[in-house]
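Participant: Provide a 3D model corresponding to the input given below.
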Amino acid sequence: MDALSVVLRDIHLRGSVYFKECFQSPWGLSVASSKKAAFHIIDKGSCWLNIKGRDEQIKLLAGDAVILPHGTEHQLLDNPSSDCLPAAQVVEKIHKGENPFLGSDGQFNIVCGYFEFDRDSNHAFVDSLPELIHITQEYRHSYSWLNAAIKMLTSESANNNLGKEVLIDRLTDVLFIQIIRCYIEHNKEQENFIAALNSGSLNKVLCLLHESPELNWTLASLAEVCNMSRSKFTSRFKESVGVTPMKYLLARRMFKAKQLISQTQYSLTSISEMVGYQSESSFKSAFKQFFGKTPSNYRSKL
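Facilitator: Sure, this is the predicted structure:
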């Protein structure tokens, strides 16, 4: 597998759509900050996006899609002077069949939803994503697979076919992956985790550390994978990922252990071996130092 695939698997990506609706002016949504990443697809018409902390207003046109990966507080409005209702309140009313901005088809159509992933992992990939990813028609026309994902999700959100909910959830996951692929392709110059995904050698190391963190990796063996000296490899890895290779390995082991503790009945002795520790006491010490609690305490609170 490639590094992006294993990373997306490990952060437990999931998402869905809140609604696809037609709004009549005037209208405005105020979306509170959240641990979930918000996304919006403008199907018809245009609107304005205000992001908390930014002075500029961004005009969104038909065909545009935006993601706010960190769940930043924001507003969507038909014009900059419109009043806003809390988005949570609007979602609740729409689900009751009481769209507060109900209008005739063809004026302004929007799809709103969310992406969710394991924020507890403090993953460098999530941290490297910008506050806003804006996909324009230009991007969509350049990438047929991205355009297809947006069109399929928009279309499915508008009908009531059997299996709609499950299909929408799957299409939402696909949309996130396609948008991230597009973002990575257009940001090869970045010096962060995105750069590591774009680097063939670092990509391979990331795959190994995610897929097999239990192996007896050393700085020398990882540097050999990249055909680099240990010092050059450490420098390149830290510049891109933000931590040293061995600290990244520790994090992968700890989160694999956390997953095994919460999702299985394996003994702590077995789990310590499954994440690369020959000594249970060494594993317990590392786990407590990393999470601030012992493995036993963590399991007892589940």
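Participant: Quick check: phi and psi on the closest residue in space to residue 57 that isn't next to it in sequence?
Facilitator: Residue nearest to residue 57 in three dimensions, not counting chain neighbours: residue 48, with 5.1 Å by C-beta to C-beta, 6 or more residues apart in numbering. C-betas here are computed from N, CA, C, even on glycine. The phi/psi pair for residue 48 (degrees, to the nearest 10) reads phi -120, psi 140.
Participant: Also residue 138?
Facilitator: phi -60, psi -40.
Participant: what about it, neighbour count?
Facilitator: Burial measure for residue 138: 9 neighbouring residues, criterion other C-beta atoms under 10 Å.
Participant: Residue numbering should commence at 221 henceforth.
Facilitator: In the new count, where the first residue is 221, that last one comes out as residue 358.
Participant: who touches it in this structure?
Facilitator: By C-beta atoms under 8 Å, 6 or more residues apart in numbering, no residues touch residue 358.
Participant: any idea how far residue 259 is from it?
Facilitator: 18 Å (C-beta to C-beta, to the nearest Å).
Participant: what's the answer for residue 363, then?
Facilitator: Counting by C-beta to C-beta - residue 363 and residue 259 are separated by 17 Å.
Participant: okay, the two: which has more neighbours?
Facilitator: Neighbour count, other C-beta under 10 Å: between residue 363 and residue 259, residue 259 has more, with 25 against 18.
Participant: Output the below-cut-off pLDDT ranges for the chain.
Facilitator: 221, 324-326, 339-342 (pLDDT under 70).
Participant: Help me confirm that residue 496 comes into contact with residue 436.
Facilitator: Yes. If you go by C-beta atoms under 8 Å, residue 496 and residue 436 touch, sitting 7.0 Å apart.
Participant: Of the two, give the one with the bigger neighbour count.
Facilitator: In this comparison of residue 496 against residue 436, neighbours counted by other C-beta under 10 Å, the higher total goes to residue 496 at 21 against 7.
Participant: quick one: that one from residue 514, how far?
Facilitator: 18 Å.
Participant: How about residue 316?
Facilitator: 46 Å.
Participant: which of these two has more neighbours?
Facilitator: More crowded of residue 316 and residue 514, by other C-beta under 10 Å: residue 514, with 14 against 8.
Participant: nearest residue to that one other than its sequence neighbours?
Facilitator: residue 508 (5.0 Å).
Participant: and that neighbour, helix, strand or coil?
Facilitator: Secondary structure, DSSP: H, G, I helix; E, B strand; the rest coil: residue 508 is helix.
Participant: For stretch 371-386, buried residues please.
Facilitator: 372-374, 376-377 (16 or more other C-beta atoms under 10 Å).
Participant: end to end, how far does that stretch reach?
Facilitator: 17 Å (C-alpha to C-alpha, to the nearest Å).
Participant: Tell me how far that stretch lies from the chain's centre.
Facilitator: Offset of stretch 371-386 from its chain centre (C-alpha atoms, centre = their mean, to the nearest Å): 22 Å.
Participant: For the protein, which segments count as helices?
Facilitator: With DSSP state H as the criterion, the chain has helices at 223-230, 307-315, 344-348, 357-362, 364-377, 384-405, 413-418, 420-431, 439-445, 450-461, 465-483, 488-494, 500-511, 515-520.
Participant: tilt between the longest one and helix 223-230?
Facilitator: Pointing back at helix 384-405 there. 140 degrees (axes from the mean of the first three to the mean of the last three C-alpha atoms, to 10 degrees).
Participant: Next, the angle helix 364-377 makes with helix 384-405.
Facilitator: 160 degrees.
Participant: and helix 384-405, how far out from the chain's middle?
Facilitator: Taking C-alpha atoms, centre = their mean, the mean C-alpha location of helix 384-405 is offset from the chain mean by 10 Å.
Participant: got a list of contacts for that helix?
Facilitator: Against helix 384-405 from outside (C-beta under 8 Å, 6+ apart): 224, 228, 233-237, 257, 259, 285, 287, 333, 335, 349, 353, 355, 359, 363, 365-366, 369-370, 372-373, 376-377, 381, 414, 417-418.
Participant: One more: the last one?
Facilitator: Applying C-beta under 8 Å, 6+ apart, the set of residues contacting helix 515-520 from outside is 477-478, 481-482, 488, 491, 503-504, 507-508, 511.
Participant: Tabulate those (a markdown table), appending distance to residue 280 and neighbour count.
Facilitator: Output for the contacts of helix 515-520, formatted as a markdown table (distance: C-beta to C-beta, whole Å; neighbours: other C-beta atoms under 10 Å):
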| residue | distance to residue 280 | neighbour count |
| --- | --- | --- |
| 477 | 43 | 26 |
| 478 | 39 | 21 |
| 481 | 44 | 18 |
| 482 | 40 | 11 |
| 488 | 51 | 18 |
| 491 | 47 | 22 |
| 503 | 49 | 23 |
| 504 | 51 | 16 |
| 507 | 45 | 26 |
| 508 | 47 | 15 |
| 511 | 41 | 16 |
